[in-house]
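> coords please:
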Amino acid sequence: MPVFQLLSSPQTYRPCPQNMLVDGEFREHWLTTFAEHFSLIVELAAETYGPPGREAATRAREAFIAQLAALRQKPDMLGALDLEVLGILREQALRSHGIPDAFAKMKARENAAMVPLFSQVACELDGHSDFSQALLLAVEGAFAGNIFDMGATATAGMFTDKSPDFFKVRADVGGKRPWLVDDFDAFTRRMTANPPHQKAMIFVDNAGSDIVLGIAPLARLLARRGTRVCLLANSLPSLNDITFQELGPLLRSLGEQDVEFKRLLSTRRIYAAASGGGTPLIDLRHVSDWCNYEARDADLVIFQGMGRGLESNFDAAFTVDAVNMCMIKERIIAERHHGKVFDVVLRFRPPSAAAARP
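The predicted model follows:
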């Protein structure tokens, strides 16, 4: 798999800044969290695959916890240890025991619950004649949608049997600036400048409210202003992250809710691609050929979600404009950024003169 061509310094790029080989507190937090969280995966595997799924996921859990115990004793046994490594180990344990997508039923349920609300969010954005105000509402919506995160401690137990109240969460976020990291003013200045970006690549995160009411309306807003938008989803399932296989049909269902979105899809102003990822984070040293092909003419890259945008790639440098945005739902991540759980982050950085494309 190729290195993402928009990285300005691939030789020095590291997806995850926290090295668990030297950061014992971070390592212990995540080894414990991953072990405890697997109980939820077992329950959702039973929901998706029935009693055989519960049995297989229980065996996967036992194998995974044994791996975590070995890592406690010898953290360097794999050569490297960070959140991406732990995510890979978890998915390998599940797939090797015949559980490719424990969250499949939950994702389908949440997508179906959120799709009817899409046109309302789109109409709200259309009601703003000032693009900067529409952009602010869209970004607040992206924060609010991102609360549907079944891999984070603060939210994993909140939505096992109910959907997020998107409009309430967005209202709670609204009017609370400055955010923990708040580059919105600089982002707005670039987004309102002419010409608009030629093409945006958005690395999307979760199913349900995150993609349907958060990212899809943002993509629609950008596309209406003249930017082509490529939505990049995981190639393989991981937690409640939307996959490329799920994203295409979901986008078409949104087109049935909103004639403008349908037009943008039919003219390929908005379209989906596979990132090559298979965990909640993304290591840009290993993306799909398709992802790298799409990057050839992109001049904006957006990382949505805590995994892709904060736990990895937060300090990565690119040859194009870059945005990281998410809601924080993990205590230790909030503390490391001098914030608290449910704080929100929008980081915008233009390319440096040295890194920018000719």
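
> strands of the stretch 251-358 of the chain, start to end?
270-274, 300-304, 321-327, 344-349 (DSSP state E, counting those that start in this stretch).

> for the record, mean pLDDT for the first one?
Averaged over strand 270-274, pLDDT sits at 98.

> before we move on, what about the second one?
Averaged across strand 300-304, the pLDDT comes to 98.

> ok, now the last one?
In this model, strand 344-349 has an average pLDDT of 98.

> which residues does it contact?
If you take Cβ atoms under 8 Å, 6 or more residues apart in numbering as the criterion, strand 344-349 is touched by 139, 143, 173, 176, 179-184, 186-187, 190, 309-310, 314, 317-318, 321-328, 337. Every residue, glycine included, has its C-beta placed from N, CA and C.

> what comes into contact with stretch 240-249?
So stretch 240-249 is contacted by 101, 103, 106-107, 110-111, 148-151, 204-208, 210-211, 231, 233-237, 250, 272-275, 280 (Cβ under 8 Å, 6+ apart).

> actually stretch 124-137, sorry about that
138, 174, 184, 187-188, 191-192, 217, 220-221, 225, 260.

> buried ones in it?
Using 16 or more other Cβ atoms under 10 Å as the test for burial, stretch 124-137 gives 124-125, 131, 134-137.

> and those as JSON lines, adding pLDDT, distance to residue 157 and secondary structure?
Output for the buried residues of stretch 124-137, formatted as JSON lines (pLDDT from 0 to 100; distance: Cβ to Cβ, whole Å; DSSP: H, G, I helix; E, B strand; the rest coil):
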{"residue": "124", "pLDDT": "98", "distance to residue 157": "30", "secondary structure": "helix"}
{"residue": "125", "pLDDT": "98", "distance to residue 157": "32", "secondary structure": "helix"}
{"residue": "131", "pLDDT": "97", "distance to residue 157": "38", "secondary structure": "helix"}
{"residue": "134", "pLDDT": "98", "distance to residue 157": "34", "secondary structure": "helix"}
{"residue": "135", "pLDDT": "98", "distance to residue 157": "33", "secondary structure": "helix"}
{"residue": "136", "pLDDT": "98", "distance to residue 157": "31", "secondary structure": "helix"}
{"residue": "137", "pLDDT": "98", "distance to residue 157": "29", "secondary structure": "helix"}
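
> where does the prediction get shaky in the protein?
Confidence mapping of the chain against pLDDT under 70 gives the ranges 352-358.

> just checking, next helix/strand downstream of the longest helix seen in it?
Ranked by residue count under DSSP state H, the longest helix found in the chain is helix 24-49. Using DSSP states H and E, the helix or strand that follows helix 24-49 in sequence is helix 51-73.

> packing partners of that following helix?
helix 24-49, helix 83-96 (3 or more Cβ pairs under 8 Å, 6 or more residues apart in numbering; DSSP states H and E).

> distance from that helix to the middle of the chain?
25 Å (Cα atoms, centre = their mean, to the nearest Å).

> that one versus helix 83-96: what angle between them?
Taking axes from the mean of the first three to the mean of the last three Cα atoms, to 10 degrees, one finds that helix 51-73 is oriented at 140 degrees with respect to helix 83-96.

> mind listing what's buried along helix 51-73?
Applying 16+ other Cβ under 10 Å to helix 51-73 flags 53-61, 64-65, 67-68, 71 as buried.

> show me the contacts of stretch 240-249 that map onto helices.
Those of these lying in helices (DSSP H): 106-107, 110-111, 250.

> count of residues packed around residue 167?
Neighbourhood size, residue 167 [other Cβ atoms under 10 Å]: 16.

> which one in this structure is furthest away from the centre?
residue 73 (31.6 Å; Cα atoms, centre = their mean).

> that residue and residue 242, how far apart?
Going from residue 73 to residue 242 by Cβ to Cβ, to the nearest Å gives 36 Å.

> swap in residue 191?
24 Å.

> looking at these two, which one has more neighbours?
Neighbour count, other Cβ under 10 Å: between residue 191 and residue 242, residue 242 has more, with 25 against 21.

> contact partners for the closest residue to residue 34 other than its chain neighbours?
Counting by Cβ to Cβ, 6 or more residues apart in numbering, residue 86 is the residue found nearest to residue 34 once chain neighbours are left out, at 5.5 Å. Going by Cβ under 8 Å, 6+ apart, residue 86 touches 30-31, 34.
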